[in-house]
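Asks: My questions concern the predicted model and sequence given below.
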Amino acid sequence: MATGSEPLVSIVVPVYKAEHFLGTCVKSVLKQSYCNLQLILVDDGSPDDCPRLCDEWAGKDTRVTVLHIPNSGASGARNAGMAQAAGDYLMFVDSDDELHPEAVEKSVSVASRTGCELVIFGKRYIDEQGNNLRIAVIDQDMLCDKSGSDYYDRLASLLRDDYLSSPWGKLIARRLVDGLAFDTGMVYEEDLAFNIQILRRKPSVYAMHDSLYCYRHMDSGMATVYSERKVRNVVAANRLKDALFAGKLSKKGLEDLSVHITQDIGWIVPQVTDAFDVPIDKRVHDIMTMVGDETCRRYVARGARGALLSKTMKVLMMLNNRWLWRKYTEIHDRRNR
């Protein structure tokens with residue numbers, strides 16, 4: 001078990017409408033085998049019982065700090081929490097998720113042993129009732145040495161394996177986040193945009209095979225709702241990925257990045273087509289905006305074959321023809337409305 005002589009780890013939890021899961025989340029943090037923690041609960045103007053519950057936890061454990069702020073969204077809440085973080089390392093946990101009991105201890109141990117400033121671990125997905133859905137981990141541990149010639153290829157592999165998209169599931173050295181902030185103007189992929197800011201500082205990264213984060217998949221949420229801003233954010237995020245990796249990848253690394261970007265766009269297309277209250281012409285325009293963006297286009301052409309998408313979606317994305325997208329959307333409407 002770690003002691004107070006070990007590095008302080010600050011864990012930021014944005015809290016909003018999570019009264020049914022907050023207790024489980026907080027307990028999973030406070031019962032860590034690693035004790036030198038600062039838990040920052042950021043009440044993001046939650047309208048339920050979360051503000052009172054947060055204060056109760058602060059009264060039970062001196063390691064808990066509570067911030068009550070006007071509703072600012074998850075990004076604004078994380079920024080507020082970061083500003084109060086005193087730790088040598090930082091972690092993010094969502095208020096309806098959980099940490100494995102040894103998540104912090106194992107991560108700090110890896111950081112100490114390898115000198116890596118960013119440690120990433122795998123995750124287990126559960127549903128709202130706590131039933132296991134799937135485990136998402138890489139086949140084996142991976143070191144991305146910042147001095148290695150394959151540094152960016154390895155990062156591209158982690159991106160394809162969904163190890164770089166979220167803020168949670170990571171132990172982050174304080175130096176890497178100093179002066180950074182989540183973009184509160186983004187409604188989608190703001191987490192990945194934040195991580196790209198970190199990767200621009202070129203830290204050595206250690207990715208663990210271990211599944212140490214428990215992610216609760218909610219049926220309703222921003223991740224499955226269409227908005228025009230989300231479409232713009234997808235394009236912007238893919239441009240950020242392009243800027244990070246441009247001219248630095250081998251053929252294999254370029255394939256990994258291309259597959260990731262293609263799947264990223266392909267996952268959003270059904271959300272657009274499902275927006276039945278939006279005119280077809282508008283939906284088609286938004287789809288073609290994502291697929292046809294000059295930066296994204298060359299990755300789609302390369303990544304479609306290896307992407308985990310239907311054959312129909314791959315063909316549509318590669319051709320990106322307005323008439324075909326319209327027919328596809330019309331057929332979708334007739335079948336589902």
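Replies: Everything's here; your move. Numbers count the residues shown, from 1 in each chain.
Asks: From now on I want contacts and neighbour counts done on CA atoms only, so please keep to that.
Replies: Will do.
Asks: contacting residues for the residue lying closest to Ser250 once chain neighbours are set aside?
Replies: Spatial nearest neighbour of Ser250, excluding adjacent residues (CA to CA, 6 or more residues apart in numbering): Asp153 at 6.6 Å. Shown in contact with Asp153 (CA atoms under 8 Å, 6 or more residues apart in numbering): 248-250, 252-254.
Asks: Does Asp153 lie in a helix or a strand, and which?
Replies: Using DSSP states H and E, the element containing Asp153 is helix 151-160.
Asks: give me the low-pLDDT residue ranges for the stretch 101-250 of the chain?
Replies: The stretch 101-250 of the chain contains residues with pLDDT under 70 at 219-224.
Asks: again, 90 this time
Replies: Along the stretch 101-250 of the chain, segments meeting pLDDT under 90 span 128-130, 217-227.
Asks: Run the chain-centre distance for the top strand by length along the chain.
Replies: Criterion DSSP state E: the longest strand present in the chain is strand 205-216. Averaging C-alpha positions (CA atoms, centre = their mean, to the nearest Å) puts strand 205-216 12 Å from its chain's average.
Asks: Strand partners (parallel or antiparallel) of it?
Replies: According to DSSP bridges, strand 205-216 forms sheet pairs with strand 98-99 (antiparallel), strand 118-126 (parallel), strand 142-144 (antiparallel).
Asks: ok, and which of those has the densest surroundings?
Replies: strand 98-99 (a mean of 25; mean count of other CA atoms under 10 Å).
Asks: Help me confirm that Met208 comes into contact with Leu118.
Replies: No. With contact defined as CA atoms under 8 Å, Met208 and Leu118 do not form a contacting pair (10.9 Å).
Asks: In terms of helices and strands, where is Arg134?
Replies: Using DSSP H and E, Arg134 maps to strand 132-136.
Asks: and the angle for that strand with strand 118-126?
Replies: 150 degrees (axes from the mean of the first three to the mean of the last three CA atoms, to 10 degrees).
Asks: list the helices and strands strand 132-136 packs on?
Replies: Applying 3 or more CA pairs under 8 Å, 6 or more residues apart in numbering; DSSP states H and E, one finds that strand 132-136 contacts strand 118-126.
Asks: Swap in 10 Å and give it another go.
Replies: strand 118-126, strand 205-216 (3 or more CA pairs under 10 Å, 6 or more residues apart in numbering; DSSP states H and E).
Asks: For Leu22, find the nearest of these.
Replies: Closest approach to Leu22 among these (CA to CA): strand 205-216, 11.9 Å.
Asks: on that earlier part again, any figure for the gap between the residue nearest to Ser250 and Asp139?
Replies: 16 Å (CA to CA, to the nearest Å).
Asks: Likewise for Val12?
Replies: Distance of Val12 to Asp139, given as CA to CA: 29 Å.
Asks: How far does stretch 42-54 stretch from one end to the other?
Replies: End-to-end distance for stretch 42-54, by CA to CA: 8 Å.
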